Each structure stands twice: as structure tokens, then as C-alpha cells.
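>>> any chance you can model this:
(one chain, ligands or ions: 2)
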Amino acid sequence: MNLTLKVWRQDGPEATGHMDTHALGGVSPDMSFLEMMDMLNDQIIRAGEEPVAFDHDCREGICGMCSMFINGEAHGPGRGVTTCQLHMRSFNDGDTIAIEPWRAQAFPVIKDLTVDRSAFDRVIQAGGYISVNTSGNTIDANAIPVPKEQADDAFSAATCIGCGACVASCKNASAMLFVSAKVSQFALLPQGQPERESRVQRMVEQMDKEGFGNCTNTGACAVECPKGIDLSNIARMNRDFMSATVKSKK
Ligand code: SF4
Ligand code: FES
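Ligands and ions are numbered 1, 2, ... in the order given. Sure, this is the predicted structure:
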């Protein structure tokens, strides 16, 4: 395949960015999108220029690092796949492909296609955990019965890989799908009940502090989410947040 690639280049957070155009030939339809990017960087390095900076790690859809906005869609045209799982057979010979970083105030560009997603880490640090008594009286998690339906929903919420596609796809740059998945994975389990109210309050407060926008129920996040995180998680988080806020004001 012969492709024309329009790639966002930006030297640093304060620099002005621009699209660079590259012609790339000999691309196999069986290559992953990231292998195609490696091929592009080989070509750029051989020309004595600086390669395109982009994030990647596992290359198998589990780490959430490969954040690219491809032809106007987070993780490109595929559904239920991350950029690293996208294959070049999703494109046609002669295509022009635009490749940009996630764009959101809370995800500043570090360089080229790499953005700073540490805002997500701070939301998790604010409450995305269960405190465990390690005094010797800890109850074995397996000894606590969990209804099958709740266990399934908790596992589904826990598949969120923190990639940030939901934020990048939302016109408000809202992080509600991500935060609600992280809230729900505990809110659905008995182990998550003792801190359920304080957890949702602290995580939502941190989400707002980081500068993410509000949810206006457009649902683009769920369409582009590579893990199929359901919008019902947002409804659960809103209910929990309202209830916790009302109780804390009594
Ligand atoms: S909710 Fe989906 S799109 Fe958002 S961070 Fe999690 S896996 Fe990525
Ligand atoms: S590189 Fe890990 S999910 Fe894509």
C-alpha cells in the first residue's frame, strides 16, 4: 500500500504545532498501525530527521498507552480496538491518513503525538482503591459472596485501560466514562461499600480539579471506547455522587 500521512508535530507543550506530510510506500495490509508508524520513523531517521514521538507499550490492547486520533477518531476507524490492534487493512491503497494527539485541556501535549495523562493517575490516587485492614484480621476476598450479575458488571467496568479515548472523543473533553468505570468496579462489590460515598466524592472532585469538561449525554465516549465501557456506569456514578452529597450535607 502507498499512503500519504499527515502527522501532528509539536516540539513541546508551549510550542506551536503543525501537520507534516509524508509519503510512505510498501506498507503491508497485515501490519498494525504502530508497525506502520515504526516504518515511518525508520524512513524519517534515514533522512536524518527527528522521528515522530508516540506512546506505546504492550501493543496488545491492555496498557492504554497508544493514544492516537486517526482520521478524526480516537484509535481510528475500528470498533472495540486500540490503535495497536488496528491493522492497515482497515485502510485502502492511496489513502491519506491524518494522525493527531488526544486533544483536551487536561491532556497537554508533551511532544508530537504524546500527551500527559497523569490527570487520570491523580483521579485514581484520590479514591480508586479499597483500603484493606492488614492487622491480621483481613477477610479472604474469596470468602465474601458476590452475586454473579454484580460480579460480571464489576469485571466489565474494570476492563477500562485508562487510554483516554473517551476524553478525546467528547466535545466537552469529559472524563466521566473513565471515572465512572473506576468508581463502578468497586461500587458494585461488597468490598467497595465502606468507602463508596467518600470515594465517589473524592474522585469526582479531583476530576473537576483537573479541568475535564462535563457530560452532556452525547455518548461519543462509549462509541470510541476500545473496551466497550457502558454509559450506565455514568448513571451509577451520578446517582452515587448525588446521594453522597445529600447525606454529607445533612
Ligand atoms: S472508559 Fe474506555 S475510552 Fe475511557 S479510558 Fe477507559 S477504556 Fe479508554
Ligand atoms: S500499546 Fe498497549 S494498548 Fe496499545
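>>> so which bits of this structure are right by ligand 2?
With C-beta under 6 Å from any ligand atom as the criterion, the chain comes near ligand 2 at residues 56-59, 61-66, 82-84. Every residue, glycine included, has its C-beta placed from N, CA and C.
>>> which of the residues you listed count as buried?
Buried by 16 or more other C-beta atoms under 10 Å: 56, 59, 61, 63-66, 82-84, out of the residues of the chain next to ligand 2.
>>> dump the residues you listed to CSV, plus distance to C166 and pLDDT.
Output for these, formatted as CSV (distance: C-beta to C-beta, whole Å; pLDDT from 0 to 100):
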residue, distance to C166, pLDDT
H56, 19, 97
R59, 21, 97
G61, 16, 97
C63, 16, 97
G64, 11, 97
M65, 15, 97
C66, 15, 97
T82, 13, 98
T83, 15, 98
C84, 18, 98
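>>> out of these, which one sits closest to ligand 1?
Closest approach between those and ligand 1, by C-beta to the nearest ligand atom: G64, at 6.1 Å.
>>> isn't the closest one right next to G162, touching?
Yes. With contact defined as C-beta atoms under 8 Å, G64 reaches G162; the gap is 4.6 Å.
>>> intersection of neighbour lists for the two?
By C-beta atoms under 8 Å, 6 or more residues apart in numbering, G64 and G162 have no common neighbours.
>>> what does the longest helix seen in the chain rub up against?
Across the chain, the longest stretch assigned as helix under DSSP state H is helix 232-249. Defining contact as C-beta under 8 Å, 6+ apart, one finds that helix 232-249 is touched by 157, 176-177, 179-181, 183-184, 187, 196-198, 200-201, 204, 215.
>>> closest to C170 out of the buried ones among the residues of the chain next to ligand 2?
Set against C170, the nearest of those by C-beta to C-beta is G64 (16.6 Å).
>>> return the backbone torsion pair for the closest residue in space to R9 that isn't next to it in sequence.
In this structure, R9 finds its nearest non-sequential neighbour in D20, 4.9 Å apart by C-beta to C-beta, 6 or more residues apart in numbering. Backbone torsions for D20, taken as degrees, to the nearest 10, come to phi -100, psi 140.
>>> low-confidence regions, the protein specifically.
Along the chain, segments meeting pLDDT under 70 span 250.
>>> near ligand 1, which residues of it?
The chain comes close to ligand 1 at residues 160-166, 177-178, 181, 225-227, 229, as judged by C-beta under 6 Å from any ligand atom.
>>> now stretch 207-223: how far from the chain's centre is it?
12 Å (C-alpha atoms, centre = their mean, to the nearest Å).
>>> what residues sit buried inside it?
For stretch 207-223, a neighbour-count test (16+ other C-beta under 10 Å) marks 207, 210, 212-213, 215, 220-222 as buried.
>>> how about those residues in a markdown table, adding secondary structure and distance to A244?
Below are the buried residues of stretch 207-223 laid out as a markdown table (DSSP: H, G, I helix; E, B strand; the rest coil; distance: C-beta to C-beta, whole Å):
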| residue | secondary structure | distance to A244 |
| --- | --- | --- |
| M207 | helix | 14 |
| E210 | coil | 20 |
| F212 | coil | 19 |
| G213 | strand | 22 |
| C215 | coil | 18 |
| A220 | helix | 27 |
| C221 | helix | 23 |
| A222 | helix | 24 |
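>>> tell me the one of these nearest Q150?
A222 (20.6 Å).
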